[in-house]
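Chemist: Mind folding the following:
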Amino acid sequence: MKAHVTSVSLSGTHKFSKGPASQITLLAGLGVEGDAHCGVTVKHRSRVARDPTQPNLRQVHLIHSELFDELATQGFAIAAGQIGENIGTRHIDLLGLPVGAQLHIGETAIVELTGLRNPCEQLNAHQAGLTAAVLGRAADGSLVRKAGVMSVVIAGGIVRAGNAIAVTLPALPHRAMERV
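Modeler: This is a model prediction of the structure:
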């Protein structure tokens, strides 16, 4: 099966969920046009409070739609955009990709992965127990964050559900993603 976009979402205000859209426009070096997290410097409120001059490594949030399938088996009903992602994907191991992996989406858009989303308590406000449900443990006991990945926009373009996604890996050695 080919990797592809399952959904696109955005919100012009800093609220937890993002509304579904027929398409989003990625702007190089900025993020999703019209989204509250669009910009060169950090837009996440708690990070702005610490240092508003930090680079925005969280311009575009991607989640593998397989997570929603997994959560459904645990009794959670999560629709696209509800936990803050801009792009839903299918048939791509987002969490297994290294920092610097580039996703070529649709005709022209390219995002570069910067790290993992750190699940926060806002997930529990959305649905009780959701924060714990998106965390797991690896065989070695290390914490696994499953709430998606963050990225920056390298090349702009329009992204729609159904767009193909191709991956370009960075040069070796690869560096595993950490929370960002």
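
Chemist: So which residues of the protein form strands?
Modeler: Remark: strands assigned in the chain by DSSP state E are 4-10, 19-21, 24-27, 31-32, 60-64, 87-90, 102-105, 109-116, 135-137, 143-145, 149-155, 157-159, 165-168.

Chemist: Ile78: which of those strands is closest?
Modeler: Minimum separation from Ile78 across the strands of the chain (CB to CB) falls at strand 60-64, 9.3 Å. Where C-beta positions appear, they are placed from N, C-alpha and C, glycine not excepted.

Chemist: pLDDT of the closest one, averaged?
Modeler: Per-residue pLDDT over strand 60-64 has a mean of 98.

Chemist: Contacts made by that strand with the rest, please.
Modeler: By CB atoms under 8 Å, 6 or more residues apart in numbering, the residues outside strand 60-64 that reach it are 26, 31-32, 37, 83-90, 92-95, 103, 111, 117, 147-153.

Chemist: and the angle from it to strand 109-116?
Modeler: Counting by axes from the mean of the first three to the mean of the last three CA atoms, to 10 degrees, strand 60-64 lies at 80 degrees to strand 109-116.
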